[in-house]
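1. fold the following.
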Amino acid sequence: LDISALAAYVNANTGRQFVGTTSGVTTHTFNHSLNSFNVIVQLFDTSTKETVYASVDRTTVNQVVVTTAASASLTCLIDKIG
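-> This next block holds a predicted model:
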């Protein structure tokens, strides 16, 4: 087994990630290009680094829309699973 072929397979089929930020709104749209609904979304306040709890909708295989109770500046971490 060629190591570069194994690395290519792993990168194509497991845990790819996306990081994005938005600010000053209650509806946050993140386009991640991971081509999957099987994603885990984690959010934190960009300045304080505290976890933010929000409603997360997987609107397409390449987009999530996050709704917060109050206007916020967020950093979004998205992991593709499987």
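2. Ile81 and Phe37, how far apart?
-> Taking C-beta to C-beta, to the nearest Å as the measure, Ile81 falls 10 Å from Phe37. C-beta here means a position set from N, CA and C on the backbone, and glycine is covered the same way.
3. meant to ask about Phe44, not that
-> Applying C-beta to C-beta to Phe44 and Phe37 gives a distance of 22 Å.
4. between those two, tell me which one has more neighbours.
-> Neighbour count, other C-beta atoms under 10 Å: between Phe44 and Phe37, Phe44 has more, with 16 against 13.
5. that one touches Ala54, doesn't it?
-> No - contact criterion C-beta atoms under 8 Å: Phe44 and Ala54 do not qualify, at 10.7 Å.
6. direction included, what does the top strand by length along the chain pair against?
-> What stands out as the longest strand in the chain, according to DSSP state E, is strand 63-80. Take DSSP bridges as the rule and strand 63-80 pairs in its sheet with strand 17-31 (antiparallel), strand 39-45 (antiparallel), strand 55-60 (antiparallel).
7. buried ones in the second one?
-> Okay, so that is strand 39-45. Neighbour counts using 16 or more other C-beta atoms under 10 Å place 39, 41, 43-44 of strand 39-45 among the buried residues.
8. then stretch 28-41 to CSV, C-alphas only?
-> Backbone C-alpha positions of stretch 28-41 (Å, rounded to 0.1, in the frame of the first residue of the first chain) are rendered in CSV as follows:
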residue,chain,number,x,y,z
HIS,A,28,-25.3,33.3,10.7
THR,A,29,-24.7,31.4,7.4
PHE,A,30,-21.6,29.3,6.9
ASN,A,31,-20.7,27.7,3.5
HIS,A,32,-18.4,24.9,4.3
SER,A,33,-18.1,22.9,1.0
LEU,A,34,-17.8,19.6,2.9
ASN,A,35,-20.6,18.0,0.7
SER,A,36,-22.4,16.3,3.6
PHE,A,37,-25.2,16.7,6.0
ASN,A,38,-23.2,14.6,8.5
VAL,A,39,-21.4,17.5,10.2
ILE,A,40,-20.8,18.5,13.7
VAL,A,41,-21.1,22.2,14.4
